[in-house]
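Visitor: Generate coordinates for the sequence data below:
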Amino acid sequence: MPRCLIGLGANLGDRAAALSRAVERLGSLPGVALVEQSRWVETPSIGGPAGQPPFLNGAATIDTTLDPEDLLGRLRQIETESGRQPSVRWAARPLDLDLLLYGDLEISLPQLIVPHPRMAVRRFVLEPAAEIAAEMIHPSIGWSIGRLWRHLVEATPYLAIAGPPGAGKTRLANDLAARGAGRSIADPARGPDKTDFQSVADPSGRGAEREIEFLARREQLLGRSGWNETGGWAVSDFWFDQSLAWSAARLDPAERLAVGGAWRAARDRVVPPKLLIMLQTDDSSTLTFSKELDRLARRPDVGPVLWFSAAEQETTIREAAAALAAMQ
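Guide: As a prediction, this is how the structure comes out:
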């Protein structure tokens, strides 16, 4: 039977009793065997209406013969039995049950996405999950739950924002910094007229040489030895690895090798992002570059990544700010 990871939360009423009843009810379902439950962890509410009481959160592992959609339906039934009513997103609620992992499946349906798309950036999810399911693998990222938890606790609070030219990377970085996220780090590949050099042609034939220069400048900004710890997040409107995507889209094989060599020589000297945000557009002129960025972001050494549509700017800012808060 597939091993599944369930997240639990409540911030209304007798929270501990609601969570305990939910676990008991879950274990009594036909086709479900309760394996283990975590302790309850109290955390502040994140992202919803102001003034909410704190949550109690926990996790449970089960083995089940139910298929993912049937299991989701049973979870929703248990929520309804607890008195939960339809409400705005992130509002206070007597019970919240999330299907975080279903074996090693990746599911993308209108009503169900597994792994849960935000679980890797939520302290209130990973802390109890790591207690009972540290060895379970997040199939999209390729990391264990234990590794994701250690990354959340130990990694430098640095957010990198990537995307094709015109996606709004700089605006998002500045908006997050202005909302208290921390300091913003501007891409040195942007000229004084705000032109993104990666978006324009290179009639000089110095594409590889110029990109290696940008790598050196970005290394100066992100270098481990000179990193400026401010106590808050640092947010850059570029990703160090984006040079690989640009060279794959614009340069010939020999030039790509040169850029790749410079990147490999420098990558261990720069601070890796604790979180990477990818902004996506429908611009066909940057399709190759965007595909390469997407491929690079899915490598197993990258870690947590969130994808957003560049066209939904206000939603992206709200979701990104909530993600940073949830990682604190």
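Visitor: From now on I want contacts and neighbour counts done on CA atoms only, so please keep to that.
Guide: Will do.
Visitor: Low-confidence stretches in the chain?
Guide: Applying pLDDT under 70 to the chain flags the ranges 85-91, 180-181, 191-205.
Visitor: okay, now the domains of it?
Guide: Here the domain parsing of the chain from automatic domain parsing is 3-149, 158-326.
Visitor: Need those domains in a markdown table (columns: mean neighbour count).
Guide: Formatted as a markdown table, the domains of the chain follow (neighbours: other Cα atoms under 10 Å):
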| stretch | mean neighbour count |
| --- | --- |
| domain 3-149 | 18 |
| domain 158-326 | 18 |
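Visitor: hey, where'd the strands end up in the stretch 51-200 of the chain?
Guide: Assigned by DSSP state E, counting those that start in this stretch, the strands in the stretch 51-200 of the chain fall at 55-64, 96-102, 107-109, 112-114, 158-162, 182-185.
Visitor: helices or strands up against the second one?
Guide: Meaning strand 96-102. strand 3-10, helix 68-81, strand 112-114 (3 or more Cα pairs under 8 Å, 6 or more residues apart in numbering; DSSP states H and E).
Visitor: likewise the fifth one?
Guide: Using 3+ Cα pairs under 8 Å, 6+ apart, the elements in contact with strand 158-162 are helix 169-176, strand 233-236, strand 275-280.
Visitor: what about 6 Å?
Guide: On a contact count with 3 or more Cα pairs under 6 Å, 6 or more residues apart in numbering; DSSP states H and E, strand 158-162 meets strand 233-236, strand 275-280.
Visitor: ditto for the fourth one
Guide: The contact analysis (3+ Cα pairs under 6 Å, 6+ apart) places strand 112-114 against no helix or strand.
Visitor: What are the contacting residues of it?
Guide: The contact list for strand 112-114, computed with Cα atoms under 6 Å, 6 or more residues apart in numbering, reads 106, 107.
Visitor: roughly how far is that strand from the heart of the chain?
Guide: Chain-centre distance of strand 112-114: 15 Å, with Cα atoms, centre = their mean, to the nearest Å.
Visitor: And for the last one?
Guide: Using Cα atoms, centre = their mean, the mean C-alpha position of strand 182-185 is found 19 Å from that of the whole chain.
Visitor: Keeping just the C-alphas, turn that strand into PDB.
Guide: Coordinates of each C-alpha in strand 182-185 appear next as PDB, following Å, rounded to 0.1, in the frame of the first residue of the first chain:
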ATOM      1  CA  GLY A 182      15.000  42.600   3.600                       C
ATOM      2  CA  ARG A 183      17.500  44.100   1.100                       C
ATOM      3  CA  SER A 184      17.300  43.800  -2.700                       C
ATOM      4  CA  ILE A 185      20.300  42.900  -4.900                       C
END
